[in-house]
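# Sequence first, predicted coordinates after that:
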Amino acid sequence: MKPRLDNSCALVIVDVQNDFCPGGALAVRDGDAVVEPLNRCAALFARAGALVVATCDWHPPDHCSFRAQGGPWPVHCVRGTPGAAFHPALRLPADAVVISKAEGPKVESYSFFGEPGLEQPLVERGIRRLFIGGLATDYCVKWTALDAARRGFETFVLADAIRGVDAQPGDSARAVEQMKSAGVKLVTVEEVAEGVAR
Ligand SMILES: [Zn+2]
């Protein structure tokens with residue numbers, strides 16, 4: 001199978017925000033290493049006329065996932081703060097669609113598809129193939145990919161453009177296995193560049 005990039009494809013860049021990168025409130029080790037391959041990929045998609053979507057975690061200050069509210073995480077990605085901004089080196093095409101998620105105090109969503117309506121830009125454009133990269137492998141990337149596959153998208157994860165939290169050692173490796181079991185295909189950015197995905 002050699003899926004060519006065309007307008008049935010979309011790149012989904014998951015949560016490449018300062019708080020998930022080194023120095024951030026909920027830093028993923030080497031999280032910023034996804035920026036360069038994703039920039040390359042975004043440029044390829046833009047050139048092919050394919051959609052680029054970027055998600056961001058966009059929480060109120062009293063979000064339910066924060067420890068003060070009984071959640072598992074330190075305060076992170078509070079809407080409008082520098083921590084919630086995209087990594088400064090991330091280059092999105094001018095017509096990229098930015099999707100904010102988990103905006104309500106009581107709404108947690110690791111998946112792009114976790115809240116009704118967010119997938120609307122994909123439906124409207126007849127997108128059938130999703131290429132997913134970003135942060136973090138064992139949370140938002142995993143759940144976005146699993147939901148995408150469940151919804152019938154042909155789903156690829158960019159193996160060299162993801163990094164994980166690994167709260168428990170091996171979480172990211174297990175996430176990759178779980179995605180593969182669900183029919184998600186792993187592909188490198190170089191393979192995307194060649195128009196070849198295995
Ligand atoms: Zn969050």
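Structure received. Quantities reported herein were computed from a predicted structural model and do not represent experimental measurements. Numbering: from 1, shown residues only.

# list the buried ones in the helix-or-strand element of the chain with minimal mean pLDDT?
Counting by mean pLDDT, DSSP states H and E, the chain has its least confident helix or strand at helix 120-124, which shows a mean of 89. By neighbour count on 16 or more other Cβ atoms under 10 Å, the buried set for helix 120-124 is residue 122. The way it works is simple: take the backbone N, C-alpha and C, and place the C-beta from them, glycine included.

# Can you name the element that comes right after that helix?
Moving toward the C-terminus from helix 120-124, the next helix or strand (DSSP states H and E) is strand 129-135.

# counting contacts, what elements does that next one pack onto?
Helices and strands touching strand 129-135, by 3 or more Cβ pairs under 8 Å, 6 or more residues apart in numbering; DSSP states H and E, are strand 9-14, helix 35-47, helix 142-150, strand 154-163.

# Residue 70: neighbouring residues, count only.
8 (other Cβ atoms under 10 Å).

# For residue 103, see how far away the residue nearest to it when sequence neighbours are not counted is.
In space, not counting the residues next to it along the chain, residue 70 is nearest to residue 64; the distance is 7.3 Å by Cβ to Cβ, 6 or more residues apart in numbering. If you measure residue 64 against residue 103 using Cβ to Cβ, to the nearest Å, the figure is 12 Å.

# again, but for residue 154
From residue 154 to residue 103 the distance is 29 Å (Cβ to Cβ).

# Neighbour count for those two, which is higher?
Just comparing residue 154 and residue 103: by other Cβ under 10 Å the higher neighbour count belongs to residue 154, 19 against 15.

# Could I get the contacting residues of the more buried one?
By Cβ atoms under 8 Å, 6 or more residues apart in numbering, residue 154 lies in contact with 3, 128, 129, 130, 185.

# Can you lay out those as TSV showing pLDDT and distance to residue 169?
Converted to TSV, the contacts of residue 154 look like this (pLDDT from 0 to 100; distance: Cβ to Cβ, whole Å):
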residue	pLDDT	distance to residue 169
3	58	34
128	95	36
129	96	33
130	97	29
185	96	25
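
# Among the residues you listed, which one sits closest to residue 112?
residue 130 (8.9 Å; Cβ to Cβ).

# which residue sits farthest out from the middle of the chain?
Distance to the chain centre peaks in the chain at residue 68, reaching 26.1 Å (criterion: Cα atoms, centre = their mean).

# Surely it is in a strand?
No - assignment of residue 68 by DSSP: H, G, I helix; E, B strand; the rest coil gives helix, placing it outside any strand.

# Report pLDDT for it.
pLDDT for residue 68: 96.

# separation between it and residue 105?
12 Å.

# which residues are common contacts for these two?
Common neighbours of residue 68 and residue 105, using Cβ under 8 Å, 6+ apart, are residue 62.

# For residue 85, see how far away the nearest residue to residue 190 once chain neighbours are set aside is.
Leaving aside its chain neighbours, residue 190 sits nearest to residue 160 (7.9 Å; criterion: Cβ to Cβ, 6+ apart). Distance, residue 160 to residue 85, by Cβ to Cβ: 24 Å.
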